[in-house]
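*Asks:* give me a model of this one.
(one chain, ligands or ions: 1)
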Amino acid sequence: MKSLIVFYSRTGVTKKLARAIQSLLGCDAEEIVDLKKRRGLLGFIISCKDAILKHQTPVKPPEKDAAVYDLIIIGTPIWAGTMSCATRTYIMQNRAKFKNVAFFCTAGGSGITSTFRRMEGLAGKKPIAVLGLTTKEVVKNLSKDKIQEFIKSLGI
Ligand SMILES: Cc1cc2nc3c(=O)[nH]c(=O)nc-3n(C[C@H](O)[C@H](O)[C@H](O)COP(=O)(O)O)c2cc1C
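*Replies:* Residues are numbered from 1 along each chain as shown. This is a model prediction of the structure:
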């Protein structure tokens, strides 16, 4: 299966996980760029509010066409118990092109299961595999076995 990893990351944790998955799969990757300012405490508060209200956000147009891939592997940090706004925006703008999906996320510690459920509802497709890790697991490289298991579940 021709696969594409698509991820958003505000502070680099989900990006680190995305790059680890990419290096094992050897596939293409695309970082979703949120054009709204989200730095600092104010950015944090605005992002919580935007996530709770299910707001979309202006994003840089993607370079890769999701339609030419058999599998889109979507990664997000958890914001206020759900996906980040840029991830929501990407899914809504591209879901008609998805053939198969898989999801991964990073979180301080809560909201992983409910976020995957919401991503599934939004994408309109059941994920082939999911991987939810805590920020600590990613930053301290404690997640090698879980990443391997996720890759195996993708069946590529
Ligand atoms: C706006 C905002 C809301 C967050 N809400 C949650 C949350 O509800 N539950 C949780 O476990 N972590 C939450 N976090 C923590 C992030 O999910 C976590 O730090 C993640 O690994 C950050 O990934 P990133 O570096 O790719 O942006 C939140 C972080 C931000 C910025």
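
*Asks:* for residue 53, see how far away the spatially most central residue of the chain is.
*Replies:* By CA atoms, centre = their mean, the chain has its centre lying nearest to residue 75, at 1.5 Å. According to CB to CB, to the nearest Å, residue 75 and residue 53 sit 22 Å apart. Placement of C-beta: from N, CA and C, glycine included.

*Asks:* beta partners for the spatially closest residue to residue 31 that is not a sequence neighbour?
*Replies:* In this structure, residue 31 finds its nearest non-sequential neighbour in residue 7, 6.1 Å apart by CB to CB, 6 or more residues apart in numbering. Beta bridges link residue 7 to residue 31, residue 75 when assigned by DSSP bridges.

*Asks:* okay, now residue 7: neighbour count?
*Replies:* For residue 7, the neighbour count with other CB atoms under 10 Å is 27.

*Asks:* ok, now residue 86?
*Replies:* As a burial measure, residue 86 scores 29 neighbours (other CB under 10 Å).
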